[in-house]
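structural data only, the sequence is not supplied:
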């Protein structure tokens with residue numbers, strides 16, 4: 001006869017660990033506060049599911065005690081347990097401190113230092129992160145799930161990169177997938193692993209390694225329907241089981257899917273004077289041509305990105321040229337300056353109503369970076385020198401001091 005023995009409750013685990021801590025105090029010669037026991041049980045039940053309670057909590061408590069002993073501490077507090085848990089899962093478990101809180105409160109301003117316009121998108125992602133770090137986000141699913149829809153080159157991917165850098169520490173915290181590579185049924189095995197275990201899953205492996213990260217799903221509409229169906233579970237429960245039975249936890253991730261679907265409809269609607277809210281509502285109905293309604297409804301927010309104007313392109317040009325100047329100064333010790341006329345001309349060359357700001361980088365590389373590289377190699381400009389780029393006869397002219 002099979003007898004199923006279930007995991008004990010959090011309350012019972014605390015009681016057992018209180019008794020167990022008496023032995024541990026004698027063993028490690030460190031006083032254990034009730035707050036440390038409480039945190040060990042709570043964090044283990046949430047983040048360390050390889051073992052069940054009370055064993056998982058006892059392991060965490062022992063690890064915290066070993067660390068406290070190495071540091072010469074005489075008392076183990078809740079903060080010490082949180083530090084160890086945070087180190088193991090690489091997820092921020094403490095409440096936002098003053099510096100991070102200030103960053104969260106000024107998130108929109110920080111993003112706009114690198115991104116031009118797209119106010120609705122910036123507000124939505126900033127609001128989601130503030131809710132998460134204040135402990136008010138929805139339990140059970142990812143931090144937030146966004147569908148960014150709009151023409152190419154308007155900042156959908158750029159916003160994702162900026163967000164990864166500001167909130168998740170660096171661009172390396174962004175897990176990026178080109179969903180056009182997962183268009184056939186067999187590609188699902190590359191995504192979550194093959195049934196025989198010979199192929200591991202790209203998505204599940206990445207999340208297991210980086211549980212606190214931003215996941216970018218480029219060209220989401222091009223993925224095979226079976227892969228899109230996987231995200232019904234991910235968006236709902238925040239969990240996905242791979243081929244070997246490991247559970248990837250998405251509850252500390254932001255998922256951003258991008259799509260160029262119905263870009264012309266968005267452009268024409270906005271140009272005709274319709275408000276963004278009207279366009280968004282109409283677009284949700286049209287997106288059912290690409291996505292199942294239940295998948296659309298599971299996104300935290302569907303955000304429409306506007307096409308870039310010529311004025312927007314000038315602002316983006318300033319940002320890119322400022323980045324170039326910083327790189328050249330840091331790597332070559334050369335100070336670069338651009339006249340207003342040269343900035344406007346580069347912007348004009350890089351403006352494309354179809355491809356947005358995407359051609360700008362190519363123009364800057366061709367007209368500025370490559371010319372500067374030649375001058376450095378010829379010795380016309382050396383470390384510590386100054387170069388001012390002006391516009392003369394519709395061409396860029398480098399004046400070197």
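Great, that's in hand. On a predicted model such as this, the values are computed, not experimentally measured, just so you know.

so where is the stretch 251-400 of the chain shaky, pLDDT-wise?
Scanning the stretch 251-400 of the chain for pLDDT under 70 picks out 354.

ok, 80 please
Low-confidence regions of the stretch 251-400 of the chain, defined by pLDDT under 80, span residues 263-264, 266-271, 273-281, 284, 307, 353-357.

show me the strands in it, by range?
253-259, 301-304, 335-338, 386-392, 395-400 (DSSP state E, counting those that start in this stretch).

can you lay out the ones you listed as a markdown table showing distance to residue 129 and mean neighbour count?
To be clear about C-beta, it is placed using only N, CA and C from the backbone, and glycine gets the same treatment. Putting the strands of the stretch 251-400 of the chain into a markdown table (distance: least, Cβ to Cβ, whole Å; neighbours: other Cβ atoms under 10 Å) gives the following:
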| stretch | distance to residue 129 | mean neighbour count |
| --- | --- | --- |
| strand 253-259 | 8 | 25 |
| strand 301-304 | 13 | 21 |
| strand 335-338 | 34 | 18 |
| strand 386-392 | 38 | 16 |
| strand 395-400 | 40 | 14 |
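
so which of those is nearest residue 379?
Relative to residue 379, the nearest member of the strands of the stretch 251-400 of the chain by Cβ to Cβ is strand 395-400, separated by 10.7 Å.

give me the angle between the closest one and strand 386-392.
150 degrees (axes from the mean of the first three to the mean of the last three Cα atoms, to 10 degrees).

do I have it right that residue 165 meets residue 171?
Yes: contact status for residue 165 versus residue 171: in contact at 5.6 Å, counting by Cβ atoms under 8 Å.

of the two, which one has the most company?
Comparing residue 165 with residue 171 by other Cβ atoms under 10 Å, the one with more neighbours is residue 165, at 18 against 14.

so the more buried one is in which element?
helix 156-167 (DSSP states H and E).

export the strands of the stretch 251-400 of the chain to a markdown table and append columns for distance to residue 223.
As requested, the strands of the stretch 251-400 of the chain are exported to a markdown table (distance: least, Cβ to Cβ, whole Å):
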| stretch | distance to residue 223 |
| --- | --- |
| strand 253-259 | 9 |
| strand 301-304 | 17 |
| strand 335-338 | 41 |
| strand 386-392 | 43 |
| strand 395-400 | 43 |
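
show me how far the helix or strand following the helix holding residue 165 is from its chain's centre.
Following helix 156-167 in sequence order, the next helix or strand is strand 174-178 (DSSP H and E). Its chain's C-alpha centre and that of strand 174-178 lie 9 Å apart, by Cα atoms, centre = their mean, to the nearest Å.

after strand 174-178 comes which helix or strand?
Following strand 174-178 in sequence order, the next helix or strand is helix 187-192 (DSSP H and E).

elements contacting the longest helix anywhere in the chain?
Secondary structure of the chain read by DSSP state H shows that its longest helix is helix 310-332. For helix 310-332, the packing partners by 3 or more Cβ pairs under 8 Å, 6 or more residues apart in numbering; DSSP states H and E come out as strand 335-338, helix 340-350, helix 358-364.
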